[in-house]
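In: When you get a sec, could you give me coordinates for this:
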Amino acid sequence: MGLTKAAALAYLMFNLYTPPCFAAIGALNSELKSGKWLLGAICLQLATGFTVGFLVYQIGTLITTGNLGVGFLGGLIAVIIFVLIIVGLVVKANRQIDAEYALNK
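Out: Numbers count the residues shown, from 1 in each chain. Modelled structure (predicted):
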């Protein structure tokens, strides 16, 4: 089947960080009271799970075989895009906070 120990561990790590069951998502929806924030939270959980799974698989494959795993370049591009989106959102939020709490001159 071609399933290595590194791939199995990466799959388990991905499942640890993915969104929980529908009941927990429903509770998250009632707490956030916004579909936009709910979608953002689910996307963040999926991106975190993918990143952790990608790193575990690539590092595990590198340790066990001495080569990078399959799909390294595509996965690396996806992780870089995730990081850029998150950094962009943080910078935007910081600018809005600074503008809101700036002292009037």
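
In: Quick one: list the elements packing against the lengthiest helix in the chain.
Out: When the chain is parsed with DSSP state H, its longest helix is helix 35-65. Judged by 3 or more CB pairs under 8 Å, 6 or more residues apart in numbering; DSSP states H and E, the packing partners of helix 35-65 are helix 5-17, helix 22-32, helix 72-100. Where you see a C-beta, it was placed from the backbone N, CA and C, and this is true even at glycine.

In: so which of these is the most packed in?
Out: Per residue and on average, the most neighbours among the helices and strands packed on helix 35-65 fall to helix 5-17, with a mean of 15 (mean count of other CB atoms under 10 Å).

In: coming back round to it: just want the angle from the longest helix of the chain to helix 5-17.
Out: If you take axes from the mean of the first three to the mean of the last three CA atoms, to 10 degrees, helix 35-65 sits at 160 degrees to helix 5-17.

In: angle of helix 35-65 against helix 22-32?
Out: Relative orientation of helix 35-65 and helix 22-32, computed by the same axes, to 10 degrees: 130 degrees.

In: Okay, buried residues for helix 35-65 please.
Out: 38, 41-42, 44-45, 47-54, 56-58, 60-61 (16 or more other CB atoms under 10 Å).
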